[in-house]
Every structure is written in structure tokens, then in C-alpha cells.
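Novice: I need the structure of the sequence given here:
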Amino acid sequence: MPGAACLRLSVIAGAVVFALGLVGAVVAPRVVAEPVVEPAAEKSSGSARPTTPTVGFSINLHHTGQIELYLDAIDRMAAMGCDSVQVRTPMFQRHGAAETIAILDDGPGRSPRRADLVRLLRHARDRGLHTAMMPNVLFTEPRGNEWRGRIQPHDWDRWWASYRACMDYFVDIAVEADVSMLAVGSELVSTESQTERWTTLIANIRARYDGELYYSTVFNSYTRPTFWAQVDVLGVSGYWDLTQGTATDQPGDAQLAARWAAIRRDLLDYAATQRRPVLLTEIGYPSLPWALRQPWNYIHKGAAADHATQARGIASAIAAWRNLLEPDADPTVLRGMYLEKWDPYHAGGPTDRGYGLRGKPAMQHVTEWLNDRRRQ
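Specialist: Below is the predicted model of the structure:
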């Protein structure tokens with residue numbers, strides 16, 4: 001996280017946003033076998049690559065007994081005018097010093113069953129949506145507030161072999177489900193200077209997968225990765241603060257517009273130096289009073305839900321980027337944007353403090369925008 005102060009913010013932000021209820025789990029990951037380096041017999045077709053800027057939601061798919069909720073979510077996204085969906089799905093390591101990562105599909109809060117993940121991705125393609133898949137590293141036994149951005153295994157060779165084995169698993173799924181875009185990693189800040197490791201991993205993926213590859217870094221860290229030339233798209237999770245005031249400061253519309261103009265200018269200027277389009281992999285705000293100051297912080301500490309502040313954040317993001325997301329805009333500048341998030345289990349209500357947009361005023365801004373976009 002998307003100076004010393006920024007790095008401290010990244011640690012807190014990552015721990016808060018991506019804990020996902022895993023604290024207290026006690027099952028150690030099982031070791032995944034060493035990867036097979038030979039390419040698959042058939043590569044993905046590449047036919048699913050988007051040719052225009054795409055817009056949609058992120059959705060988290062963990063182990064579930066209610067896959068129908070997710071299939072219904074895809075139907076609803078397609079009906080409202082989305083043309084893409086990003087499916088985030090986990091792999092697990094015990095804590096930041098652990099050397100192995102695994103796919104744990106043995107119960108709630110774990111990885112989804114392979115058949116469910118393939119079914120969801122194929123259903124999205126059947127409904128005319130482009131698909132992006134983002135595997136995330138999560139911890140089963142995090143120590144304090146550590147998160148994946150600060151992974152420091154005792155043996156990097158073992159960690160990378162394990163990560164590559166997990167990515168082989170996801171590449172197979174991407175090929176089978178004709179996924180449009182595949183994330184090679186997400187917010188692994190402590191690895192972002194390991195150019196040779198990333199180059200080797202990405203080459204292994206390209207031997208088997210013809211879709212677009214992206215990496216998603218944190219909002220205040222996008223100049224750190226040394227391997228942008230190896231991927232097709234520069235991904236950023238967009239939890240920028242929109243005010244430097246107090247946590248509950250409510251900046252005016254002009255202030256929000258000015259802040260977004262500066263963010264947009266700096267990001268696109270940097271992406272141009274890398275000759276890569278930008279993908280906004282997550283743009284979201286919790287329904288909390290401090291959403292504009294700390295959009296990564298969903299720990300409510302008893303605060304009342306604040307749907308109005310969430311709606312202002314979403315509206316400001318749409319206004320800042322919409323001209324680059326029109327169907328006839330140049331996809332080599334902005335590849336797309338995924339709103340955070342579609343929550344299959346919650347549909348708003350007066351006590352809903354989460355990032356989900358359904359049933360809240362923020363969704364009205366999204367609906368109006370998508371309707372305008374369809375008329376272009």
C-alpha cells in the first residue's frame with residue numbers, strides 16, 4: 001500500500017483489510033508438491049482477452065456450501081451492465097516466516113473447492129463477462145498484525161517453490177475456465193525487488209497460459225516492483241486516502257476531485273514510464289465514518305454504519321476515472337476497474353459496515369454510471 005509513515009500505514013492496512021477472519025485458525029498448511037515445469041499439453045486460447053476497458057466487481061470466493069449465491073451474483077452483475085468480474089481466491093501459509101503455502105479446501109474460511117471455482121468462472125464467461133482471477137496469500141496463524149506484504153520466510157528457495165506449485169494449480173484452472181486475466185501475485189511487497197524470482201515464475205506461467213498477466217501492488221507501493229516489464233498490466237489496489245484531515249473529516253466535492261486528479265496523474269505518468277496499462281484491482285470504502293481518510297480500515301470498534309460516506313467515496317472514484325473507462329476509451333491507458341466489493345451474503349441494511357455495495361446508496365451511483373456507459 002497501493003516514506004516511513006507510508007510503510008507503517010501499509011502494515012496496518014494490509015493486516016486490517018486482508019485478515020478475513022482467519023485469526024485463531026490452528027490448522028497448519030499441508031505442503032504442496034514441487035511444481036512440474038513442463039508446459040500443459042494445450043495452452044489457453046487467449047480468446048477471452050478484453051479489447052476495451054472493463055468494469056465490474058471483485059468477489060471473494062472461499063470454501064462455500066452456497067455456490068448458488070455466487071452464481072446469482074454473476075447473473076446480477078451481468079444484468080446491471082458489468083462486463084467483467086474479478087474473483088479473488090486464497091492460498092494459505094501459517095504466518096509470515098513460514099516456508100510453505102498450500103491450497104486448503106477442507107472447510108469454511110479455506111480455499112474453494114476446485115469444481116466450484118471453475119464453475120463460477122465458466123458461468124461468468126457464459127454470461128458474457130470477462131474474468132480475472134487473483135490468488136491471494138493469507139495466513140492461518142498470523143503473528144500480531146503481520147500480513148502478506150511482510151512475508152519473510154527463513155528459506156526463500158522453499159517459499160518460492162511452494163508459491164510456484166500453488167500458482168501451477170491456479171494456472172490449470174485459468175486454462176480450463178478460459179480466464180481473461182490472471183494475477184501472478186497480490187501485495188507481496190517484501191518480494192517485489194526479487195526480479196529474477198518473478199521473471200522465472202512468470203515465464204513458467206506464460207508457457208501454459210495465453211491470457212493477460214497482471215500483478216497487483218498496494219496503492220503507495222507501485223514504484224517498487226522491479227518486474228513490470230514481465231507482466232502485461234500494472235495492477236494497483238486503490239485504497240488511497242482522500243483527505244489528510246481527521247479520520248472523520250468530510251472534504252468537499254472539489255477537494256475530493258483535486259485529490260483524485262493528483263492520484264490519477266501520478267499513477268498514469270508512472271505507468272507510462274513502464275509502458276503498461278493500469279488496472280485498478282480494488283476501489284472500495286467501508287460503510288464507516290472514516291472511509292475517506294482510511295479506506296483500508298474496516299475495524300468498526302462499535303462505530304455506527306455510515307453509508308453516506310461510503311457513497312461519497314464511490315461517487316468520487318467513478319467521477320475521477322469514468323472518461324477512461326468508456327467503451328471507446330484507450331485500453332492501453334486504463335485497462336479497467338474493479339469495485340470492492342460484491343458481497344453474496346449481505347445486502348445492506350442499517351448495521352452493515354462492510355465494503356459490500358448492495359442495498360446501499362453507493363450502489364445507486366454504480367447503477368447510474370453503468371446505465372450511462374451502456375448507452376455510449
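
Novice: helices of the stretch 201-350 of the chain, start to end?
Specialist: Counting by DSSP state H, counting those that start in this stretch, one finds helices in the stretch 201-350 of the chain at the ranges 253-274, 307-321.

Novice: reformat the ones you listed as CSV; add mean pLDDT.
Specialist: Formatted as CSV, the helices of the stretch 201-350 of the chain follow (pLDDT from 0 to 100):
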stretch, mean pLDDT
helix 253-274, 97
helix 307-321, 98
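
Novice: dump the residue contacts of residue 316.
Specialist: Residues in contact with residue 316 (C-beta atoms under 8 Å, 6 or more residues apart in numbering) are 242, 253, 256, 257, 260. C-beta: built from backbone N, CA, C; applies to glycine.

Novice: do residue 289 as well
Specialist: Contact analysis of residue 289 by C-beta under 8 Å, 6+ apart lists 247, 248, 303, 304, 306, 309.

Novice: mind doing that once more with 7 Å?
Specialist: Neighbouring residues of residue 289 by C-beta atoms under 7 Å, 6 or more residues apart in numbering: 248, 303, 306, 309.

Novice: how close does the second one get to residue 247?
Specialist: Distance, residue 303 to residue 247, using C-beta to C-beta, to the nearest Å: 10 Å.

Novice: and for the third one?
Specialist: From residue 306 over to residue 247 the distance is 12 Å, taken as C-beta to C-beta.

Novice: neighbour count winner among these two?
Specialist: residue 306 (19 against 14; other C-beta atoms under 10 Å).

Novice: what are the phi and psi angles of the closest residue to that one other than its chain neighbours?
Specialist: Setting aside the residues directly before and after it, residue 306 is nearest to residue 289 in space (C-beta to C-beta, 6 or more residues apart in numbering), at 4.7 Å. Reported as degrees, to the nearest 10, the phi and psi values for residue 289 are phi -60, psi -30.

Novice: roughly how far apart are residue 289 and residue 268?
Specialist: With C-beta to C-beta as the criterion, residue 289 and residue 268 are 31 Å apart.

Novice: now swap in residue 138 and tell me
Specialist: For residue 138, the distance to residue 268 equals 31 Å [C-beta to C-beta].

Novice: and these two? Which one has more around it.
Specialist: residue 138 (23 against 15).

Novice: how much space between that one and residue 239?
Specialist: From residue 138 across to residue 239, the span is 17 Å (C-beta to C-beta).

Novice: what's the answer for residue 69, then?
Specialist: 26 Å.

Novice: so for the two, which sits in the more crowded spot?
Specialist: More neighbours surround residue 239 than the other of residue 69 and residue 239, with 25 against 12 (other C-beta under 10 Å).
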